[in-house]
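# Structure for the following, please:
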Amino acid sequence: MNRVELLKPNVCVMNDIPIEARNTILKIALSQANSSTQDNTKLLEKISNEYNIKKSTVVEIIASYILIIKLFLASNNEEFREIMSGVGFSASFIEELPLLQNKAYFTNTIIQCKRKENRNLVSLKWIIDISLYK
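Numbering: from 1, shown residues only. This next block holds a predicted model:
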């Protein structure tokens, strides 16, 4: 199955939820894309209760946003708009995504976080102090 096809089941829900909910869920998706160790359980419950969306649906939407972020990073703005409209997202949904207006910022932020996470230890200098102090 194509990655883009994974977005189709959530298109209607994502098009219909309020923009405030979209932006909040997008922020969670960005934080999850940057750090896989962060726990957002309470935030998921709050969004679920506040916007009357099932918790499982919120989790699916977050997964969809993570996929959207990956598509966004892998394509230019025109390709991204074509892919998103081809999947079925409305033009207003696509234009309201904060990703498009701030591509350089999001690209740098996400890539910097990934670089920090994926650092490997190259060398280690150490000294053993065996002196005894009185």
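# And the helices in this protein?
Ranges of helices in the chain, per DSSP state H, are 11-16, 19-34, 41-51, 55-74, 77-87, 91-96, 98-101, 103-117.
# buried stuff in the shortest one?
Read that as helix 98-101. Within helix 98-101, the residues that qualify as buried are Leu99, counting by 16 or more other C-beta atoms under 10 Å. (Each C-beta comes from the backbone N, C-alpha and C, glycine too.)
# gap between it and the chain center?
Here the centre of mass of C-alpha atoms in helix 98-101, compared against the chain's by C-alpha atoms, centre = their mean, to the nearest Å, lies 13 Å away.
# List the contacts of that helix.
Residues outside helix 98-101 that contact it (C-beta atoms under 8 Å, 6 or more residues apart in numbering) are 23, 26, 68-69, 72, 77, 80, 94, 106.
# okay, who's weakest in the residues you listed by pLDDT?
When the contacts of helix 98-101 are compared by pLDDT, Phe106 scores lowest at 72.
# Nearest spatial neighbour of it, chain-adjacent residues omitted?
Excluding its sequence neighbours, the residue lying closest to Phe106 (C-beta to C-beta, 6 or more residues apart in numbering) is Leu99, at 5.5 Å.
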